[in-house]
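*Asks:* 3D model of this:
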Amino acid sequence: MKALIQRVTKASVSSGGSVVGRINQGIVALVGIAINDTEVDAGYLAHKIVGLRIFSDAEGKFNLSLLDIKGDILLISQFTLLANTLKGRRPSFTKAAPPDQARALIDYLAQQLTTANVNVETGRFQEHMQLEIHNDGPVTIMLDSQEKLGRAS
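*Replies:* Residues are numbered from 1 along each chain as shown. Sure, this is the predicted structure:
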């Protein structure tokens, strides 16, 4: 499971012309779910996302986590993070989990984040969405549960 996280001052996601999720200060997490991902991967990412110290303290150093600042999360499922671009010019998505598995794991990830006392907003699974992201810094970090759990992604 891959998560591209961005520290934001605010963000929103729209689908079908309507805003379906909006946050203030916090993290936008774009999450790609692979075929071999499980709830263990989702649990690892939830723990990592809420505890990662990427917010500045009074001295401007990355010492504060999402929990410390009482920030929000905008969680977006994005299978394109699993793109394989080694051959040709059209990306292959064969490593991405099928929709039923991906939906279950993104829902589980959202539940784990909520359980950690974080406000979670989401996009709409398998729908075309537009994101408005005010990246703060900019700070953008890629997390990969497969690296931590010793599996090749």
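*Asks:* where does this structure have low pLDDT?
*Replies:* 149-153 (pLDDT under 70).
*Asks:* hey, where'd the helices end up in it?
*Replies:* Remark: helices assigned in the chain by DSSP state H are 39-51, 66-69, 99-115, 145-148.
*Asks:* in the first one, what's buried?
*Replies:* Okay, so that is helix 39-51. Of all the residues in helix 39-51, those buried under the rule 16 or more other CB atoms under 10 Å are Asp41, Ala42, Tyr44, Leu45, Ala46, Ile49, Val50. (Glycine included, C-beta is placed from N, CA and C.)
*Asks:* hey, C-alpha coordinates of it in CSV?
*Replies:* In CSV, the C-alpha atoms belonging to helix 39-51 read as follows (Å, rounded to 0.1, in the frame of the first residue of the first chain):
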residue,chain,number,x,y,z
GLU,A,39,-5.3,-4.9,6.8
VAL,A,40,-1.8,-5.1,8.2
ASP,A,41,-0.6,-2.7,5.5
ALA,A,42,-3.5,-0.3,6.3
GLY,A,43,-2.8,-0.4,10.0
TYR,A,44,0.8,0.3,9.4
LEU,A,45,0.0,3.3,7.2
ALA,A,46,-2.6,4.7,9.6
HIS,A,47,-0.1,4.6,12.5
LYS,A,48,2.6,6.1,10.3
ILE,A,49,0.4,8.9,8.9
VAL,A,50,-1.0,10.1,12.3
GLY,A,51,2.4,10.0,14.0
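*Asks:* before I go, just wanted to say thanks for your time.
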